[in-house]
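# Requesting a structural model of the entry that follows:
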Amino acid sequence: MSVATHTGGAERGKDAAGSFSRRYHLWRNFLLLVDAVAIANAALIGLEVEHPGGAFSNDTLRSVLCVFYIAEMAIRLYADPRGFLTLGLLSEVTIVVLACGCILVLDGKPVMLWQASLFRVLRISRVWRFAKWWWPLKDLWLLLVGVAHAGRALAWFALVLFVVLFAEGGATMGLIGNVNADGLGPCSADAVEAADCIDGEEYFGSLSRSMLTMLQVSTLDGWAAKVRPLAGSRPLAAAAVTGFAVCTAYALCSVVLGVIAQSTLALARSHECHSSQVALTEDLEMVAALGATYQELLDFDGQPRLDLIAMRNAMGIPLVKKCYERLDLPVQVPDELFQHLDKTHCGSMSVEEFVRGVSAMKRPARNYDFALLTATIGGSATYCSRIDKRAIRVSENMERLKETLTTAFDNLSTLADPMAKNSVPEVYLRSAGRIFNPIPSGKSRYTS
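You can find the predicted model right below:
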């Protein structure tokens, strides 16, 4: 009976895992379809703007997209009611209400409400999760993360560049002087094309315009067309602008590349795609991908924390099973792995705790780990030493008790021996059963 019950439970577990896997993949395919429709919607709006009144400005296509969006929101509300409380989905619902209300109720007016559906294309920003784990984009992802890590240094550089542009813009205005003088007045198209004239009012008429011109010169964008006209009438200003262009383009702007390169290389040496970290990096990336998959599964089922049942069901997904096989953890059985990771023994854990625990199993031991292990072993050794001393004391007490009891039994045997000289008749008679003291019935009464 127990074998049949165990077999039936295993079959039900497999069926539950298979059903869970099918529902999960169906939901993922649904989200991919929504992404594709959002991209098609953005392309349609672009064609409508490029060809107004053409074949793409069709109310039928707009109505079909609105019907799809309404059906999508209904499916989302049925599958994940809690998801509507998130900021991202509330934003999408607002966009859908505005766009569909414009098409189905207001007859396409104003068109800006319909074009607001273009913002739904922002949902494809979730592709960064895919790009992070897809090997062809790994180098690009490393560069983007390096730029993000260098954000503070780049912010300071932007501040320094602003100060430099402010100072150089004011200095250039002072060197040029009157912007309406000869050589700086309004120029014909032929003179501008031949670099014989520059509009001083346009490029140096105010501090903000002068700063913008210096920014353009720092990027070497048409700097010669600004320096050559100045060389004839304002040679000192032309020399100052040329020096500024050389210093900023080949010195100051190179600092940006240096900061980004240094941050990217440091990031690569520490935990991204370095030759000494390849295996560890791949394992940690796989653990993070496994954690993201678990988070999607929990969001899909509406569960806040990961428990043993969810971990068992996830093993029915081929991707999760393949990740565990490639990780080759010391603990392979889900029950034992969950017991090892559940440090608080409360029967559940967060996805972050799962990722930290599995990552710790894959990372090499640190000095802190060795110190912790040494302290644990030392504490265990001290405890065992105390137990050993207590056991020795108990053993000695038992030996003394044995000696005392042996002496007592020997004396009692002597007293009970009728042939012995110092025997006691009462003891002998009690041993022979001649003396019997009856036990009184009822409770004993104690009187003072």
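# can we go C-alpha only for contacts and neighbour counts from here?
Will do.
# what is the rounded mean pLDDT of stretch 291-301?
The average pLDDT within stretch 291-301 is 80.
# Sticking with the spatially closest residue to Lys109 that is not a sequence neighbour, tell me its helix or strand.
Spatial nearest neighbour of Lys109, excluding adjacent residues (C-alpha to C-alpha, 6 or more residues apart in numbering): Cys102 at 6.0 Å. If you go by DSSP states H and E, Cys102 is part of helix 87-104.
# May I have that helix as CSV, with CA atoms only?
Provided in CSV are the C-alpha atoms of helix 87-104 (Å, rounded to 0.1, in the frame of the first residue of the first chain):
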residue,chain,number,x,y,z
LEU,A,87,4.2,50.7,-11.9
GLY,A,88,5.2,49.3,-15.3
LEU,A,89,1.9,47.6,-16.1
LEU,A,90,-0.1,50.6,-14.8
SER,A,91,1.8,52.8,-17.3
GLU,A,92,1.0,50.4,-20.1
VAL,A,93,-2.6,50.2,-19.1
THR,A,94,-2.8,54.0,-19.2
ILE,A,95,-1.3,54.1,-22.7
VAL,A,96,-3.7,51.4,-23.9
VAL,A,97,-6.7,53.3,-22.5
LEU,A,98,-5.6,56.6,-24.2
ALA,A,99,-4.8,55.0,-27.5
CYS,A,100,-7.9,52.7,-27.8
GLY,A,101,-10.2,55.5,-26.5
CYS,A,102,-8.8,57.7,-29.3
ILE,A,103,-9.5,55.1,-32.0
LEU,A,104,-12.7,53.4,-30.8
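# quick one: contacts of the next helix or strand after it?
Heading C-terminal from helix 87-104, the first helix or strand you meet, by DSSP H and E, is helix 111-115. By C-alpha atoms under 8 Å, 6 or more residues apart in numbering, the surrounding residues in contact with helix 111-115 are Ile45, Leu98, Ala99, Cys100, Cys102, Ile103, Gly108.
# repeat that for 7 Å
For helix 111-115, the surrounding residues in contact (C-alpha atoms under 7 Å, 6 or more residues apart in numbering) are Ile45, Leu98, Ala99, Cys102, Ile103.
# end to end, how far does stretch 313-330 reach?
From its first residue to its last, stretch 313-330 covers 21 Å (C-alpha to C-alpha, to the nearest Å).
# and what of stretch 227-245?
Using C-alpha to C-alpha, the two ends of stretch 227-245 sit 10 Å apart.
# If you rank the contacts of helix 111-115 by neighbours, which is first?
Ala99 (27 neighbours; other C-alpha atoms under 10 Å).
# Surely that one and Ser117 touch.
Yes. In this structure, Ala99 is within contact of Ser117 by C-alpha atoms under 7 Å, at 5.9 Å.
# Return the list of helices and strands in contact with the helix holding Cys102.
helix 59-79, helix 111-115 (3 or more C-alpha pairs under 7 Å, 6 or more residues apart in numbering; DSSP states H and E).
# Val145 - nearest residue in space that isn't next to it in sequence?
Thr264 (7.5 Å).
# Following element in sequence after the helix or strand harbouring the one you found, please.
Thr264 is part of helix 253-271, with elements assigned from DSSP H and E. Sequence order places helix 278-301 as the next helix or strand after helix 253-271, per DSSP H and E.
# what comes up buried for that next one?
For helix 278-301, the neighbour count (16 or more other C-alpha atoms under 10 Å) marks 280-295, 297-298, 300 as buried.
# what stretches of the stretch 301-448 of the chain score poorly on pLDDT?
364-366, 369, 416-418, 420-424, 427-429, 431-433, 436-448 (pLDDT under 70).
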